[in-house]
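Engineer: Build me a model from this:
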Amino acid sequence: MSMTRTRFLIALVAVAFSTLSRAAETSAGGDPSVTVAADPAASAPAAPVASGAEVAPQVTDSGDVPEVEKELEAQSAEIDEVRLAEEKAALVPLPHPEDGAAREAVRLGTESPIRHRIDGALSRDTAPMPDEDAGSIAMLPEIGHDLRRLQAEYDIPIDMNEAVVSYVRFFQSPGVRKHFVKWLGRLPRYQERYRAILRESGLPEDTIFLAMIESGFANLAYSRAKAAGPWQFIPATGKRMGLAQDFWVDERRDPEKSARAAAAYLKALYAEFGDWRLAWAGYNAGEGKIEKAKKKGQLDFWTMARGKILKRETKGYVPKLMAAAIISKHPEAFGFRKEEIEAERWTEYERVSVPHAVELEAVARAAELTPKEIHDLNPELRRSCTPPRGYAVKLPVGSAEAFEKNWPSIGPSAALGFAHHTVVKGEGIAAVAAAYGVPTATVVQMNGLKAGKRVKPGTELVIPLTAVARRSGAPASEAMARARIGELQKKDPSLVEKEPATARAVARAPSRGPAPVDANGRSTVQIQAGDSLWAIAQRLGVGIQDLCDWNGIKNPRRHKLQIGKELVVYPRPSRAAAQATVPG
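Structural biologist: As a prediction, the model looks like this:
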């Protein structure tokens, strides 16, 4: 099957999954749902902030609100520590066959029947040792029974070789063991739900251990590759599989939606490669890597693991999954005692629907819960409020009745509108917040900022406006807000944001202009400390989008400038020069 067809298959599965996922969310297995009274403004077209219309902002994504960010950092640090320990342990590459049979097999070509016989022999790293038939596994004596009986306990492939055993020992090592204890504690919380989703999707139920090695079942885990959630989707794959990601939500962190997406993706990979080991490896490395290895004559995972195409991480991925599965079903045999594992439990939920953005704290009060309980059941929510659209919030079963009773008195004051404000030179968070009549802490939390940290000019902020703020005369436009900021700063000079001394020194440097223009009107400008794309564009009188197009920058909000590097620019001629070139 060609790569084009593979991608088409996965795209088709993604569309089907997205449709089924939305349907599943609507029904939620019969979970009751309460809908609060609709707000006509919620579906109205975009209007000034004062009208109360809610417009989803296109803003720089600075991170989650502090209460979420703290837990996110802790869970991310956990998987990062395990990753660093794995790299340090250097558990792969696998032993290389010394008899030359593997090299000879590659020369024979993928269609040769002799080749298939050699491949079969080489991949039989998992064959039982003679004493395994007598009731033990030589490489893992802790198990207490033979390999065939062990394999019968799983509906996924379980192989036995040095790579798998090395990962069993890795999870037992002092630096990693403490994390595996946490993972074993989270397993009971998700086991029943994940196994049901995998079963409904036609996958082996023990595929659940893929989520264990990806994230330790941590919903907020975030990797250095920008993968997120319990099944660790990178942004592009997550979107391809129908998981919404924006300023307000990240569905990669929704345990059920991400599990369905992972099941759909793995099902497509298995349909392509016909082997669960290769499907898992493709989940980690991408289907293109597996296809490339197969074209080189490497037809099974263990042969690929001896080759050079797969990266070290992928070579260890399959044995790591098998090792995690083996320990998880025999924890005490490997020294993980019951008394040290704090078993978590799944919380059954029901949904209440809100038609517009509301504060989560108000939802918690209405449902007679804590904000933490709301965040735990709705880990996909990134802000201290629901998105500016209709949204179904999950509550523990039995809480919807209290919500329905209390919401009429709490809801009206909890509704939010939003303003969008771009910070300019001299403005700080305190001045912006004061101009809109909201607490500084509210702006900091909504935008995932660090308290007390200076925001750079060009930063785009979302300002949440409560009903009280709107009634108190929140500015109806950014221009009005800027005028109010000026008035406030005249009364209180401390609201003027001062540039750091280093930025002022850089601003005075004479070398920040562009180099001489060549015959094609092209020039360059060297990046210096304190520069931003916005500042460079302003200084040179060019559009920021033009600057990005000239330099192949796809996302200016996420692009990191490197001091000393040069950007290509096509400076606009001065007005006098332009007039001089106009025919008389």
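Engineer: any low-confidence regions in the stretch 51-200 of the chain?
Structural biologist: 51-66, 92-134 (pLDDT under 70).
Engineer: same question but for the chain, I mixed them up
Structural biologist: For the chain (pLDDT under 70), the answer is 1-66, 92-134, 467-468, 471, 500-515, 517, 519-520, 572-584.
Engineer: what residue lies at the spatial centre of it?
Structural biologist: Ala228 (2.7 Å; C-alpha atoms, centre = their mean).
Engineer: What distance do you get for that residue to Thr237?
Structural biologist: Per C-beta to C-beta, to the nearest Å, Ala228 is found 11 Å from Thr237. Heads up, the C-betas are built off the backbone N, CA and C, glycines and all.
Engineer: Phi, psi for Val352 please.
Structural biologist: Torsion angles at Val352 (phi, psi; degrees, to the nearest 10) stand at phi -120, psi 140.
Engineer: Same check on the one 3 residues further on?
Structural biologist: Its backbone dihedrals place Pro355 at phi -90, psi 0, with angles given as degrees, to the nearest 10.
Engineer: residues making contact with stretch 177-187?
Structural biologist: Residues from elsewhere that reach stretch 177-187, judged by C-beta atoms under 8 Å, 6 or more residues apart in numbering: 78, 81-82, 171, 208, 212, 216-218, 324, 327-328, 331, 336, 340-344.
Engineer: Mind doing that once more with 6 Å?
Structural biologist: 78, 82, 171, 212, 216-217, 331, 336, 340-344 (C-beta atoms under 6 Å, 6 or more residues apart in numbering).
Engineer: Ok, stretch 334-344 next?
Structural biologist: Counting by C-beta under 6 Å, 6+ apart, Glu142, Gln172, Val181, Leu184, Gly185, Arg186, Pro188, Arg189, Ile327 sit against stretch 334-344.
Engineer: Try it again at 7 Å.
Structural biologist: The contact list for stretch 334-344 (C-beta atoms under 7 Å, 6 or more residues apart in numbering) reads Glu142, Val168, Gln172, Val181, Leu184, Gly185, Arg186, Pro188, Arg189, Ile327, Glu332.
Engineer: Pro157 touches Leu278, doesn't it?
Structural biologist: No: contact between Pro157 and Leu278 fails when scored by C-beta atoms under 7 Å: they sit 10.5 Å apart.
Engineer: For Ile374, pull up the helix or strand it's in.
Structural biologist: Using DSSP states H and E, Ile374 sits within helix 371-377.
Engineer: Given the helix or strand following that helix, what are its sheet partners and their directions?
Structural biologist: Note on helix 371-377: by DSSP H and E, the next helix or strand toward the C-terminus is strand 391-396. In the sheet, strand 391-396 lines up against strand 349-354 (antiparallel) (DSSP bridges).
Engineer: and the next helix-or-strand element following the strand it pairs with, how far from the chain's centre?
Structural biologist: Beyond strand 349-354 on the C-terminal side, the first helix or strand identified by DSSP H and E is helix 360-367. How far helix 360-367 lies from its chain's middle: 26 Å, per C-alpha atoms, centre = their mean, to the nearest Å.
Engineer: which other helices and strands contact helix 360-367?
Structural biologist: helix 371-377, helix 400-414 (3 or more C-beta pairs under 7 Å, 6 or more residues apart in numbering; DSSP states H and E).
Engineer: could you dump those to a markdown table with mean neighbour count and distance to Tyr391?
Structural biologist: Below are those laid out as a markdown table (neighbours: other C-beta atoms under 10 Å; distance: least, C-beta to C-beta, whole Å):
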| stretch | mean neighbour count | distance to Tyr391 |
| --- | --- | --- |
| helix 371-377 | 17 | 12 |
| helix 400-414 | 16 | 13 |
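Engineer: circling back to that earlier point, and the contacts of stretch 334-344, which is closest to Arg557?
Structural biologist: Arg186 (33.6 Å; C-beta to C-beta).
Engineer: Relative to Asp376, how far out is the closest one?
Structural biologist: Taking C-beta to C-beta, one finds Arg186 at 12 Å from Asp376.
Engineer: Equivalent analysis for Ser472, please.
Structural biologist: Ser472 is 34 Å from Asp376, by C-beta to C-beta.
Engineer: for Phe217, same thing?
Structural biologist: 13 Å.
Engineer: any idea which element Leu461 lies in?
Structural biologist: Here Leu461 is assigned to strand 460-466, by DSSP H and E.
Engineer: Kindly point out the strands partnered with that strand and how each is oriented relative to it.
Structural biologist: Here, using DSSP bridges, strand 460-466 pairs with strand 416-422 (antiparallel).
Engineer: Now the strand it pairs with: buried residues?
Structural biologist: Neighbour counts over strand 416-422 (16 or more other C-beta atoms under 10 Å) mark Leu416, Gly417, Phe418, Ala419, His421, Thr422 as buried.
Engineer: Show residues contacting the host helix or strand of Glu487.
Structural biologist: Using DSSP H and E, Glu487 maps to helix 478-491. The contact list for helix 478-491 (C-beta under 7 Å, 6+ apart) reads His421, Glu427, Ala431, Val432, Ala434, Ala435, Tyr436, Pro475, Leu495, Val496.
Engineer: Domains in the protein, by residue range?
Structural biologist: The chain breaks down into these domains under automatic domain parsing: 29-65+346-495, 71-125+136-340, 509-580.
Engineer: thinking again about what came up before, helices or strands next to the helix holding Ile374 in the packing?
Structural biologist: Using 3+ C-beta pairs under 7 Å, 6+ apart, helix 371-377 sits against helix 360-367, strand 391-396.
Engineer: CA atoms of that helix as PDB?
Structural biologist: Coordinates of each C-alpha in helix 371-377 appear next as PDB, following Å, rounded to 0.1, in the frame of the first residue of the first chain:
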ATOM      1  CA  PRO A 371     -12.900  24.400  41.200                       C
ATOM      2  CA  LYS A 372     -10.400  21.600  41.400                       C
ATOM      3  CA  GLU A 373     -13.100  19.000  41.000                       C
ATOM      4  CA  ILE A 374     -14.300  20.800  37.800                       C
ATOM      5  CA  HIS A 375     -10.800  20.900  36.400                       C
ATOM      6  CA  ASP A 376     -10.100  17.200  37.200                       C
ATOM      7  CA  LEU A 377     -13.200  16.200  35.200                       C
END
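Engineer: Identify all contacting residues around that helix.
Structural biologist: Contacts of helix 371-377 (C-beta under 7 Å, 6+ apart): Glu67, Val68, Thr347, Tyr349, Leu360, Glu361, Val363, Ala364, Leu381, Lys394, Leu395, Pro396.
Engineer: same check, this time on stretch 423-440
Structural biologist: Counting by C-beta under 7 Å, 6+ apart, 419, 421, 442-444, 454-455, 457-459, 461, 463-465, 469, 472, 474-475, 481, 484-485, 488-489, 495-497 sit against stretch 423-440.
Engineer: Would you mind giving me the ChimeraX syntax to select the buried ones in these?
Structural biologist: A single ChimeraX command selects the buried members of the contacts of stretch 423-440 (16+ other C-beta under 10 Å):
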select :419,421,442,443,444,455,457,458,459,461,463,464,465,469,474,475,481,484,485,488,489,495,496,497
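Engineer: circling back: just the buried ones out of the contacts of helix 371-377, please.
Structural biologist: By 16+ other C-beta under 10 Å, these give Val68, Tyr349, Leu360, Val363, Ala364, Leu381, Lys394, Leu395, Pro396 as buried.
Engineer: quick one, what contacts the fifth one?
Structural biologist: In this case it means Ala364. Thr370, Pro371, Glu373, Ile374.
Engineer: mind running it again at 6 Å?
Structural biologist: Ala364 neighbours (C-beta under 6 Å, 6+ apart): Thr370, Pro371, Ile374.
Engineer: any idea how far the closest residue to the second one other than its chain neighbours lies from Ala435?
Structural biologist: So the one you mean is Pro371. What sits nearest to Pro371 in space, not counting adjacent residues and going by C-beta to C-beta, 6 or more residues apart in numbering, is Ala364, at 4.8 Å. To Ala435, Ala364 is 29 Å away according to C-beta to C-beta.
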